[in-house]
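Visitor: Generate coordinates for the sequence data below:
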Amino acid sequence: MYKPIADYIETIDVSTINKERQEVLKNLIDYIQEKVSKNEMIRINCICTHNSRRSHLTHVWAQVMANHFQINQVTCYSGGTEATALYPMVTTILEETGFHIQKLSVENNPVYSIKFSKNEHPIIGFSKKFDDAFNPETQFVAIMTCSQADAGCPFIAGAEKRIPITYEDPKVSDGTPNQKEVYSNRSLQIATEMYSIFSKIKL
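Guide: Alright, predicted model coming up:
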């Protein structure tokens with residue numbers, strides 16, 4: 001793992017997660033633990049309305065924390081109820097955290113390579129619907145990262161389980177002087193919760 005990301009992970013303080021939130025996270029812990037205990041593949045599809053902000057941050061940090069805790073059978077994905085584009089401030093915050101990001105295409109919905117380690121496969125980031133051909137069709141858990149997507153998608157075809165772990169949209173700060181701070185805080189919150197989840201998995 002790139003040293004700046006490893007150093008960032010070392011600063012994470014899971015004591016900031018209150019008891020109520022810990023109960024929300026427990027459902028995903030239980031799902032992952034059951035899969036690990038059975039030595040089965042774990043596919044996590046992080047879903048939000050536009051697949052532009054929260055779902056990507058959850059996708060990235062879940063994959064990174066699985067790698068950090070050496071839970072090697074985890075593959076993470078993301079999608080939306082509609083496709084838009086990965087919002088540029090998300091990539092800015094990740095780059096400042098230490099990720100190596102390369103834009104692979106320049107159309108309205110660019111494709112990004114998001115690397116967290118010299119030797120690990122990059123995370124591929126672009127906006128897509130949750131049932132896009134890029135994502136798994138069956139045998140995955142759907143993590144609903146926004147309340148709108150959770151309410152708007154009562155059924156996720158192919159999902160073994162659906163778990164709402166919702167976050168406030170950093171979009172509320174777009175166009176304001178504190179935009180970067182809001183996105184940075186949301187990224188840290190998601191990183192902290194994904195750290196907490198994967199740290200509790202017994203191999």
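Visitor: right, and the helix or strand after the lowest-mean-pLDDT helix or strand in the chain?
Guide: Every helix and strand in the chain was compared by mean pLDDT, DSSP states H and E; the lowest is helix 147-152, with a mean of 80. Under the assignment DSSP states H and E, the closest C-terminal helix or strand after helix 147-152 is strand 159-164.
Visitor: helices or strands next to the helix or strand that that next one is followed by in the packing?
Guide: For strand 159-164, the following helix or strand on the C-terminal side (DSSP H and E) is helix 179-199. Other elements packing on helix 179-199 under the criterion 3 or more CB pairs under 8 Å, 6 or more residues apart in numbering; DSSP states H and E are helix 3-10, helix 19-37, helix 54-68, helix 88-97. (Each C-beta comes from the backbone N, C-alpha and C, glycine too.)
Visitor: Now do the contacts for the residue nearest the centre of the chain.
Guide: Residue closest to the mean C-alpha point of the chain, counted by CA atoms, centre = their mean, is T58 at 1.6 Å. T58 sits next to C46, S78, I143, T145, I165, Y167, I190, M194 when contact means CB atoms under 8 Å, 6 or more residues apart in numbering.
Visitor: mind checking the backbone torsions on the second one?
Guide: Going back to what we said before, that points to S78. Phi and psi for S78, reported as degrees, to the nearest 10, are phi -150, psi 160.
Visitor: so it sits right up against N51, yeah?
Guide: Yes - applying CB atoms under 8 Å as the test, S78 and N51 come out as touching, 5.7 Å apart.
Visitor: Find the residues that touch each one of those two.
Guide: In contact with both S78 and N51: K128, using CB under 8 Å, 6+ apart.
Visitor: For N119, see how far away the residue nearest to the centre of the chain is.
Guide: For T58, the distance to N119 equals 24 Å [CB to CB, to the nearest Å].
Visitor: With E40 instead?
Guide: On the measure of CB to CB, E40 and N119 end up 25 Å apart.
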